[in-house]
Structures are given as structure tokens and as C-alpha cells.
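Visitor: build me a model:
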Amino acid sequence: MKRLIMRGETRKNFITYGIVIIAYVLLLVLSSTGMMSSALQGLLVPTCTYIIAALSLNLTVGVLGELSLGHAGFMSVGAFSGVTVSMALADVVPAPWARMVLAIVVGAVLAAAAGFVVGIPVLRLRGDYLAIVTLAFGEIIKTVVTNLYVGKDSSGLRLGFLDPNIGLGQGGMMIVNGPNGISGIKKLSTFTAGFLVIMLCLIIIFNMVNSRSGRAIMALRDNRIAAESVGINVTKYKLMAFVVSAAMAGAAGALYGLSQNTVTANKFDFNTSILILVFVVLGGLGNMRGSIIAATVLYILPETWLRQFSDYRMLLYAVVLIVTMLVTNTNKVRSVIDRLLPHKIKAREEEKEHV
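Guide: Below you'll find the model as predicted:
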């Protein structure tokens, strides 16, 4: 029975891989043949970044079972560090693709380091307390970046906080300019790079979930006391999932930063964290395929066909979120869904027999 369940999970994973690959090839063909509008082409990379962010948050919320409201903070760390590295190495590394890869790697590593530092004290909390502290972390990152000044001259990088006078020499260049953020960014991100990062994130998440560590993480989610009683290290496995999630968010932030002309700290505020959480909840907790679909639809629709309602975007998201929660927690509606999708009943029965 365990082997059958694993085969079912593997089949679902490969279906998700296939959907992403088919979507990538189809969009690439439409773009290369001129059948896609320039406005929609400009949304491809940002859509990839939000998909990556939704996948990473789903690892924390859906797999680990902890509510994080500061996910945009990790994206901010990745965006500003990645773009800074890309601009600082423009003369040393002339190849655009190499600078983009370095920016994504640095953004992921520094975001993972931030996740490690924050996760050690934060993951000892539970429920609402954890959500509040992660929310505070996101606001702290936003405030720090708003008051940060980074420049480059012949002596190397120069840093300053609160004071824009960082002693740049002649011919120096200000990279991070406090509240004005980073401007004059050379766009290096590509749709192919976004697709590759999405695939990498899916491979990491699926292999992690199906591993021994993933089963330990889900055991903590389902029943922490029972997991502790059999010797599972709570701090270790929670921190593992949290750091991996932060690293993916940092990679998404770096990819996003290199797709824009200007990046400011206000872009990664509380609303962005809530937006990513909406993608995760509407797509289904622990459902990576659902997160991909929800992030794609809910990001592209308001930017294209529903642009006239852009001022009411967050209101519409809130209404849809409330309706979804009410519908999915109603027994009558769930019974109707089970009738329409009988394979879900079979899967649940197999899981119960396995337990």
C-alpha cells in the first residue's frame, strides 16, 4: 500500500512537471511567433517570480503548517542583494547570464541566512504569535532597506545607514539610494531563467516532501507532541523547511529585481506577503500545482483583462479568499466535490488504510 501511495505521489509530481514544461513551450512559441502582445510578454518574468514565491510559502504554510506573514521580507533581501551584486560586477563579469545566475545565487543564500537567523527564535512560537513575529520581521527588513545606502567606486563597495554621504570617490556610483531604492537596473531576467528556477524549486520541494526529512516535517505539522515523543527534532526540521523556503523566496526576489527598471522597499510590503498567501490558500495548502495555477491566474488577470478594476484588487482577493474558506469548509459542498471527483475519495481511503 505504501508503494502504491508513493507511485501516486510520483505520478502527480510528474504531471506537475509536464504542465509547467508544456506551458513554457507554448508561451515561448506564442512569444517567438508574435502572437503574444508586448504587455503580456512583459508579465512573463514577474509571473514566474510570484509562482516561485507561492511555492516557497506553500512549503512553510502547507507542508510545515506554520503561518508566515513576512515572506515579502525574504524577497526583499534577495532582490536588493541580487541587484546590487549584478550592478557591482558589471565590469568584472561582462556576460549578462553569468551576472544573473550570480545574482540569483547570492539572493537565495542571503535570504536563507536571514531565514536561519530569524527562524531560530521565531520557530519556537506557535500560531498567531509566529504570524505576528514574521510580520514584524517583514516590516523591519523594509525599514532597514529604506534607510540603506550602497555605492561603488574604485575602492570597492561602500555602505551607509541613514546617511547618504557614504564617501564615494570620483566616478563612484550609488547603487542602493535609501528610499529611492535602486534605479537604472539593466534587465537581465528572462522567461527561460524563470522557468528553470520554477523547475528547480519543484524538484527540491517534491524530493524534500517525499524524503525522510519531509515525513518528519509533516509529522510535526499533524501532531507535534506525537512527533516529539518518537524523537523527532522539532527545531531542526522546522528550521530546515523555513530556511529552504526563505532561499526560494530570495531567488524569486533576485529574479524579480532584475526584471524591473527600478526597485524600492515599498514593493515588498505587507500587501505583497498577503498577496502571496492568497495564492497559496486559493491554490490549496500543500498543493504545489494549485499554487502555480492560482499565482498565474490571479496575477495576470488584474494586469490585463481586469486592469480597470486594479484599484479594487486587494478587495477582490479578500472576497474570493473568504468565499473559498466558507465553501471548502461546508460539508454539503465538499460532498458535491467528492461526487464530481471520486478519485479523491479513493486516495483518502488509501491514506487511511496506510495509517
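Visitor: tell me the contacts of R215?
Guide: Contact analysis of R215 by Cβ atoms under 8 Å, 6 or more residues apart in numbering lists nothing. (Glycine included, C-beta is placed from N, CA and C.)
Visitor: try it again at 10 Å.
Guide: Shown in contact with R215 (Cβ atoms under 10 Å, 6 or more residues apart in numbering): V209, A227, I232, Y237.
Visitor: spatially central residue for the protein, please.
Guide: A53 (1.3 Å; Cα atoms, centre = their mean).
Visitor: check which helix or strand that residue maps to.
Guide: Per DSSP states H and E, A53 falls inside helix 44-58.
Visitor: for the record, mean pLDDT for that helix?
Guide: On average, the pLDDT along helix 44-58 is 94.
Visitor: elements contacting it?
Guide: Helices and strands in packing contact with helix 44-58 are listed as helix 2-32, helix 71-88, helix 191-209, helix 234-257, helix 270-283, helix 288-303; criterion 3 or more Cβ pairs under 10 Å, 6 or more residues apart in numbering; DSSP states H and E.
Visitor: give me the three-state assignment for S259.
Guide: The three-state label given to S259 by DSSP: H, G, I helix; E, B strand; the rest coil is coil.
Visitor: how about the secondary structure of N165?
Guide: What three-state DSSP gives for N165 is coil.
Visitor: am I right that it is in contact with Y149?
Guide: Yes: between N165 and Y149 there is a contact under Cβ atoms under 10 Å: 8.5 Å.
Visitor: out of these two, which sits in the more crowded spot?
Guide: For N165 against Y149, the residue with the higher neighbour count under other Cβ atoms under 10 Å is Y149, and the figures read 20 against 7.
Visitor: now the buried members of the contacts of R215.
Guide: Neighbour counting with 16 or more other Cβ atoms under 10 Å marks V209, A227, I232, Y237 as buried within the contacts of R215.
Visitor: out of the residues you listed, who's nearest I132?
Guide: Looking at those and their distance to I132, the nearest is Y237, at 22.6 Å (Cβ to Cβ).
Visitor: residues contacting the closest one?
Guide: Contacts of Y237 (Cβ under 10 Å, 6+ apart): 64, 123, 212-221, 227.
Visitor: relative to T33, how far out is it?
Guide: Spatial separation of Y237 from T33 under the definition Cβ to Cβ, to the nearest Å is 47 Å.
Visitor: kindly export stretch 158-168 (C-alpha atoms) in CSV.
Guide: Coordinates of each C-alpha in stretch 158-168 appear next as CSV, following Å, rounded to 0.1, in the frame of the first residue of the first chain:
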residue,chain,number,x,y,z
ARG,A,158,30.7,51.5,0.4
LEU,A,159,27.8,51.1,2.8
GLY,A,160,25.9,53.6,4.9
PHE,A,161,22.8,53.7,7.1
LEU,A,162,20.5,56.7,7.5
ASP,A,163,23.2,59.0,6.0
PRO,A,164,23.5,59.2,2.1
ASN,A,165,27.0,60.6,2.5
ILE,A,166,29.0,57.4,2.2
GLY,A,167,32.2,58.9,0.9
LEU,A,168,32.0,57.9,-2.7
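Visitor: pull out the buried positions in it.
Guide: Of the residues in stretch 158-168, those with enough neighbours to count as buried (16+ other Cβ under 10 Å) are R158, G160, I166, L168.
Visitor: now whichever strand or helix holds I322: average pLDDT?
Guide: When elements are assigned from DSSP H and E, I322 belongs to helix 313-328. Averaged across helix 313-328, the pLDDT comes to 72.
Visitor: for the spatially closest residue to L130 that is not a sequence neighbour, grab phi and psi.
Guide: Nearest in space to L130, with sequence neighbours left out and distances taken as Cβ to Cβ, 6 or more residues apart in numbering, is E66 at 5.7 Å. Dihedral angles phi and psi of E66 (degrees, to the nearest 10) take the values phi -120, psi 140.
Visitor: could you measure from E66 over to N207?
Guide: Going from E66 to N207 by Cβ to Cβ gives 21 Å.
Visitor: tell me which element R158 falls in.
Guide: With DSSP H and E as the criterion, the answer for R158 is strand 156-161.
Visitor: now for that strand, which elements pack on it?
Guide: With 3+ Cβ pairs under 10 Å, 6+ apart as the test, strand 156-161 has helix 71-88, strand 148-153, strand 173-177 packed against it.
Visitor: go ahead and confirm A136 touches P121.
Guide: No: with contact defined as Cβ under 10 Å, A136 and P121 do not form a contacting pair (11.7 Å).
Visitor: neighbour-wise, which of these two wins?
Guide: Per other Cβ under 10 Å, whichever of A136 and P121 has more neighbours is A136, with 15 against 9.
Visitor: apart from its chain neighbours, what residue comes closest to that one?
Guide: For A136, the nearest residue in space outside its immediate sequence neighbours is G70; the separation is 7.3 Å by Cβ to Cβ, 6+ apart.
Visitor: residues contacting that neighbour?
Guide: With the criterion set at Cβ under 10 Å, 6+ apart, G70 makes contact with 76, 118, 122, 131-142, 246, 249, 268, 270, 273.
Visitor: return the subset of those lying in helices.
Guide: Judged by DSSP state H, helices contain the following of the contacts of G70: 76, 118, 122, 131-142, 246, 249, 270, 273.
Visitor: R11: neighbouring residues, count only.
Guide: Neighbours of R11 (other Cβ under 10 Å): 10.
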